[in-house]
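K.L.:
everything below, folded, please.
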Amino acid sequence: MLFDTIPEALKTATDEELGVLRLRTLVRLRWLAIIGQTTAVLGVHFYLGYPLPLGLCLAAIALSAWLNIFLAIRWRKSVRLQPSHAGFLLAYDICQLAVLLYLTGGLQNPFSFLFLVPVTISATSLSLNWTLWLGATAFCCASVLAFEHLPLPWKPGEELVLPSIYIAGMWAAIVCGVVFAAIYARRIAEEARQMQAALTATELVLAREQRLSALDGLAAAAAHELGTPLATIALVAKELKRELPAEGPHAEDLDLLIGQAARCREILARLANHDAEADEIYQRTKLLVMIEDLIEPLRGSEVEIAVTSSADDAGKVKSEEPVFRRNPAIAYGLGNLLENAVDFAGHKVEVDARWTLSSVSITVRDDGPGFRQDVFDRLGDPFVTTRPGYGEESGGKGQHDGMGLGFFIAKTLLERSGAAVSLANRPAPAHGAVVHVVWPRVAVDVGRA
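P.N.:
Okay, here's the model as predicted:
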């Protein structure tokens, strides 16, 4: 299959490969935090007039500023951080925030929700182990701040004492927020990475097909370029034959050279005229012929493949069989669907082709176990498969492990050709999978395009 050529780098992605944070990103986020923290501390102290340990707060903020300056001088901002380095920098941010909160009221301070930020960044960019470790760090800091902290800055001569139940609620809200934000952000980031890898695989398949399709053009160009040197070789060989004795030792070799040069020119002439004469005819194929071409390599298995067809006529207007232009995307997509049906079928695969004046449809049915309900809603997404080697055994008869990209690529290519692809299981008491592909006839029929 074409999918077998996809590089191994797309097939397995470990957690250690997820550390894609740039130093520039963390430095900019920390500068943003420094500006916000400085504004909040100075505003509370000078604008609101609430007393707080200003020197210690500014010292904690200045430490972050000096860390940013050191990182900017020591390394290029565009460098990608190792997961451990990024993890320690995010851990520092949690601890620095905890120190500021300790000096300004602990969990009574409304800015305590900022514990979510470093953990969320880790969930989107670092491994699960680092995210759990940073989440545990935030949990420990929040737990300590619930009991140990300096008074919340308030009006001089007054002390704001919040109920213990409120502090407990703040602690629970921070913990739940950290957990929920980390899970949600990690899930979204993982789906984005999977989609990117799947789209890259699809582009590789399309690029290979485009290279194969370009060979005809290259052959015609080569025929045009080689015509002149071959004509020169033939001319020189004829001149040599005319000047040398007819019964000389080289006469036979010259005849052979002239004949082979003529043969080469005939071959190149056929290649040069391929696009103009034969290519357009070759590129057209009737629907049933195309289906038979795709099924032929699969007929050697024990599974019977039956093809049926019908034309729905509108009144007295006869709907003729549609003529497709040979399209590598359609061929790969339908070929993948047929191969999957044969792999999972028990004894028989049914292929039903129908066409009307407005649409063309192909339905593939098998008598296998059908689509599993636990993955049915996600079929067509990248890295979702029921083949052996992924999740529970599906009972299929495939002999190779699946990655969940083959059907995704097939569905994507068919939809790019204008088709609508739908999936279903056969109604009881029958069993098996049903894949229905429908095109608007004007999108694929050469005669009606």
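
K.L.:
residue 150: how many residues sit nearby?
P.N.:
14 (other C-beta atoms under 10 Å). For every residue, glycine as well, the C-beta is placed using N, CA and C.

K.L.:
show me the shaky parts of the stretch 51-200 of the chain.
P.N.:
The stretch 51-200 of the chain contains residues with pLDDT under 70 at 77-78, 198-199.

K.L.:
what are the ranges of the helices in it?
P.N.:
For the stretch 51-200 of the chain, the helices defined by DSSP state H, counting those that start in this stretch cover 54-74, 83-103, 116-125, 128-145, 164-213.

K.L.:
need those in TSV with distance to residue 299, can you?
P.N.:
Formatted as TSV, the helices of the stretch 51-200 of the chain follow (distance: least, C-beta to C-beta, whole Å):
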stretch	distance to residue 299
helix 54-74	64
helix 83-103	51
helix 116-125	49
helix 128-145	47
helix 164-213	24
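
K.L.:
which one of those is the most hemmed in?
P.N.:
By mean neighbour count, with neighbours taken as mean count of other C-beta atoms under 10 Å, helix 116-125 ranks first of those at a mean of 23.

K.L.:
centre of the chain to that one, how far?
P.N.:
Chain-centre distance of helix 116-125: 23 Å, with C-alpha atoms, centre = their mean, to the nearest Å.

K.L.:
not counting it itself, show me its contacts.
P.N.:
The contact list for helix 116-125 (C-beta atoms under 8 Å, 6 or more residues apart in numbering) reads 18-21, 29, 86-87, 90-91, 93-94, 130-131, 134-135, 138, 174, 177-178, 181-183, 185-186, 188-189.

K.L.:
at which residues are the strands of the protein located?
P.N.:
Taking DSSP state E as the criterion, the chain carries its strands at 284-286, 304-311, 323-325, 348-355, 359-366, 420-425, 433-440.

K.L.:
format the ones you listed as TSV; extra columns: mean pLDDT and distance to residue 142.
P.N.:
Below are the strands of the chain laid out as TSV (pLDDT from 0 to 100; distance: least, C-beta to C-beta, whole Å):
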stretch	mean pLDDT	distance to residue 142
strand 284-286	85	67
strand 304-311	87	63
strand 323-325	85	63
strand 348-355	90	59
strand 359-366	91	55
strand 420-425	88	46
strand 433-440	91	50
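
K.L.:
those strands: which one's closest to residue 143?
P.N.:
Shortest distance between residue 143 and these, using C-beta to C-beta, is found for strand 420-425: 48.6 Å.

K.L.:
so which bits of that closest one are buried?
P.N.:
421, 423, 425 (16 or more other C-beta atoms under 10 Å).

K.L.:
so which residues make contact with stretch 156-168?
P.N.:
49, 50, 51, 106, 107, 108, 146, 151, 152, 154.

K.L.:
just the residues you listed now: which is nearest residue 414?
P.N.:
For the contacts of stretch 156-168, the nearest to residue 414 is residue 107 (54.9 Å; C-beta to C-beta).

K.L.:
pLDDT weak spots in the stretch 251-400 of the chain?
P.N.:
Looking at the stretch 251-400 of the chain by pLDDT under 70, you get 270-282, 313-318, 374-400.

K.L.:
make it 50
P.N.:
275-278, 315-316, 389-400 (pLDDT under 50).
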